[in-house]
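>>> any chance you could fold what I've pasted below:
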Amino acid sequence: MHIYGFDHIVLCVRSVEATLEFYQRVLGMEAREERPGKWSLHFGSNKISVQDAGTRPGLAEKTVPGSGNFCVLTDLPMDNVIARLRSNAVQIVEGPVEKAGAVGKLMSVYFRDPDGNLVEVSNRIA
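This next block holds a predicted model:
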């Protein structure tokens, strides 16, 4: 078997509406209703499915809000990323700091979404 990438991740959330608003406003992601009541956030060729904690299917019954931890990449300069977070009253919990990414070094900032999921926004370092 050859695994070559992610199709999507799923975040379990307390409020789908608050989550969609946060990721659209702060990171510019696009919210889409895939089917009635089932929402996701899209950016580039990637997707975050948003699962309401009150309606978790049996398969995901042990998934809880705030247990996510993921990294997204941007080409927006880090100073601009920080300014955008601050202008949206998002508290940076760490960074900017150099980290090891999947294919090389990253310059990253970390913050939490409304459910407490840890979000890392990074620039690749050449």
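>>> the chain: strands as residue ranges?
With DSSP state E applied, the chain shows strands at 9-13, 30-35, 38-43, 46-52, 69-73, 92-100, 105-112, 118-124, listed in chain order.
>>> want to throw those into TSV with mean neighbour count and distance to residue 80?
Using the backbone N, CA and C atoms, a C-beta is placed for each residue, glycine as well. What follows is those, written out as TSV (neighbours: other CB atoms under 10 Å; distance: least, CB to CB, whole Å):
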stretch	mean neighbour count	distance to residue 80
strand 9-13	20	25
strand 30-35	11	20
strand 38-43	17	16
strand 46-52	18	21
strand 69-73	14	14
strand 92-100	14	12
strand 105-112	18	11
strand 118-124	20	10
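>>> check what contacts stretch 89-98 and list those residues.
26, 78, 82, 85-86, 105-112, 118, 125 (CB atoms under 8 Å, 6 or more residues apart in numbering).
>>> rerun that using 7 Å as the cut-off
Residues outside stretch 89-98 that contact it (CB atoms under 7 Å, 6 or more residues apart in numbering): 26, 78, 82, 85, 105, 107-112.
>>> closest one of these to residue 6?
residue 108 (18.1 Å; CB to CB).
>>> nearest residue to that closest one in space, please, no chain neighbours.
residue 122 (4.2 Å; CB to CB, 6 or more residues apart in numbering).
>>> count the neighbours of residue 114 for me.
Using other CB atoms under 10 Å, residue 114 is surrounded by 15 other residues.
>>> that should have said residue 115, apologies.
19.
>>> picking up where we left off before, with pLDDT and distance to residue 20 as extra columns, can I get the contacts of stretch 89-98 in TSV?
Converted to TSV, the contacts of stretch 89-98 look like this (pLDDT from 0 to 100; distance: CB to CB, whole Å):
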residue	pLDDT	distance to residue 20
26	97	11
78	96	26
82	97	23
85	97	18
105	95	32
107	96	28
108	95	24
109	97	22
110	96	21
111	97	17
112	96	16
